[in-house]
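Student: 3D, please:
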Amino acid sequence: MLTHEELLAAIPNCLNDTDFPELGAKYAGKVRDVYLRDGERVLITTDRISAFDRVLGLIPYKGQVLNQLSAWWFANTADLLPNHLISVPDPNVTIAHNAEPLPVEVVVRGYITGVTKTSLWYLYAQGERRPYGIQLPDGLRKNDPLPRPIITPTTKAAQGGHDERITKEEIVAQGIVSAALWHEIEMAALALFARGQELARRAGLILVDTKYEMGLVNGRLTLIDEIHTPDSSRYWLTDSYQPGADEPENFDKEFLRKWYAAQGYRGDGKPPQMPPNFIAQVAARYMAAYEKLTGQVFVPGEQPVVDRIQKNLIQRCSKSCQVLRTLTTE
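Tutor: The predicted structure is shown next:
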């Protein structure tokens, strides 16, 4: 892992945004810019950070961690469900099939936790025993394991909003997806989550919950976006978890959110500025998750980032497949 001093030195050189108009149409997500080109998507993951559903700042190498870790997960789950990955020509870049995203996402939860008003624990603590149409037993405490992993479906949230609460019955009744396709989605999501839990367990982590986004490529269900990263999943350090005890140690973006909460910030108004030492701590946490899960030492790409991306996009061809193979150690 990079040293604290190396992380501090990297902060001014974070990739914040990209602009490659020759690649085609562009749209920006929370942590990536996406370009459409010849039936493919060029996903350039930036170091913009996301917390409280807003872009709040920069964390060095965060984008590279998300990009490379997600590619590693794709390689380790491809036998369960096809994914959109074509190649990883650069630490910040993924070339992917241009899938048709489905209008629903699934969140698979192995524990009852969360703090937002749509989270499982918040709803349960308010007395709901059938949140998202799923029957839960009495007597659960915050952060308890659920009797079995459950799926809470949601539609895509509007910018700045929380995910919509919806049941699978409503999804089918409203014609959002067919009953047969929803069954396929559920079975795939549970299988992916079981694989994720097992690989996290080997790494000394607990995969608490995660969100999967799926789409269709030539009519076939396909896993898209990113998978099992510290931004799309909740991880706890195994040794820090005791049922009914204090909050476990996070290896995901909750570590960042907790800092903001400690400053009294909840997502409204101008966020407090993060001190460099804390930025370095967050970056180290992301890299630690990568190294624990993959068993590989995180090696950052060279600077300057934008020039390197441009060069490697032009030269990606055969080299991109070699880069991807280096990510598959399982």
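
Student: How far does stretch 174-187 sit from its chain's centre?
Tutor: Computed by CA atoms, centre = their mean, to the nearest Å, the separation of stretch 174-187 from the middle of its chain amounts to 23 Å.

Student: all helices for the stretch 101-250 of the chain, in order.
Tutor: Secondary structure of the stretch 101-250 of the chain (DSSP state H, counting those that start in this stretch): helices located at 120-125, 168-173, 179-202.

Student: which element is the nearest residue to residue 60 once chain neighbours are set aside on?
Tutor: Excluding its sequence neighbours, the residue lying closest to residue 60 (CB to CB, 6 or more residues apart in numbering) is residue 10, at 3.9 Å. The way it works is simple: take the backbone N, C-alpha and C, and place the C-beta from them, glycine included. Residue 10 is part of helix 4-10, with elements assigned from DSSP states H and E.

Student: Rounded mean pLDDT for that helix, please.
Tutor: Along helix 4-10, the predicted local confidence has a mean pLDDT of 95.

Student: Quick one: low-confidence residue ranges for the chain.
Tutor: Counting by pLDDT under 70, the low-confidence segments of the chain come to 53-56, 157-163, 303, 314-330.

Student: 50 instead?
Tutor: Counting by pLDDT under 50, the low-confidence segments of the chain come to 159-161, 317-330.

Student: Which residues belonging to stretch 68-86 are considered buried?
Tutor: Neighbour-count burial for stretch 68-86 flags 68-77, 80-86 (criterion: 16 or more other CB atoms under 10 Å).

Student: which ones are touching the most centrally placed residue in the chain?
Tutor: Using CA atoms, centre = their mean, the residue of the chain that lies closest to the mean C-alpha position is residue 232, 2.2 Å off. For residue 232, the contacting residues are 210-211, 225-226, taking CB atoms under 8 Å, 6 or more residues apart in numbering as the criterion.

Student: List only those of those residues flagged as buried.
Tutor: Listed as buried from these are 210-211, 225-226; burial here means 16+ other CB under 10 Å.

Student: The residues you listed: which two are farthest apart?
Tutor: Between all members of those, the longest pairwise span (CB to CB) is found for 210 and 225 and amounts to 11.4 Å.

Student: Check the gap between the residue nearest to residue 60 and residue 276 for me.
Tutor: Between residue 10 and residue 276 the computed distance is 11 Å (CB to CB, to the nearest Å).

Student: for residue 241, same thing?
Tutor: For residue 241, the distance to residue 276 under the criterion CB to CB works out to 30 Å.

Student: who has more neighbours, the two?
Tutor: residue 241 (18 against 12; other CB atoms under 10 Å).

Student: so that one touches residue 206, yeah?
Tutor: Yes: Residue 241 is within contact range of residue 206, at 6.0 Å (criterion: CB atoms under 8 Å).

Student: Quickly list what's touching both of those two.
Tutor: Both residue 241 and residue 206 are in contact with residue 248, where contact means CB under 8 Å, 6+ apart.

Student: follow-up on the earlier one: using PDB, write down the CA coordinates of the helix holding residue 10.
Tutor: C-alpha atoms of helix 4-10 as PDB (Å, rounded to 0.1, in the frame of the first residue of the first chain):
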ATOM      1  CA  HIS A   4       0.600   8.300   4.100                       C
ATOM      2  CA  GLU A   5       3.200  10.700   2.700                       C
ATOM      3  CA  GLU A   6       2.600   9.400  -0.800                       C
ATOM      4  CA  LEU A   7      -1.100   9.800  -0.500                       C
ATOM      5  CA  LEU A   8      -0.800  13.400   0.800                       C
ATOM      6  CA  ALA A   9       1.500  14.100  -2.200                       C
ATOM      7  CA  ALA A  10      -1.100  12.700  -4.600                       C
END
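
Student: what does that helix rub up against?
Tutor: Contacts made with helix 4-10 from outside it, assessed by CB under 8 Å, 6+ apart, are listed as 2, 60-61, 276-277, 279-280, 283-284, 300.

Student: Repeat the analysis, applying 10 Å as the threshold.
Tutor: 1-3, 47, 59-61, 276-277, 279-284, 287, 300, 303 (CB atoms under 10 Å, 6 or more residues apart in numbering).

Student: what's around residue 101, how many residues?
Tutor: Residue 101 has 15 neighbours, counted by other CB under 10 Å.

Student: any idea whether residue 284 is helix, strand or coil?
Tutor: Secondary structure, DSSP: H, G, I helix; E, B strand; the rest coil: residue 284 is helix.
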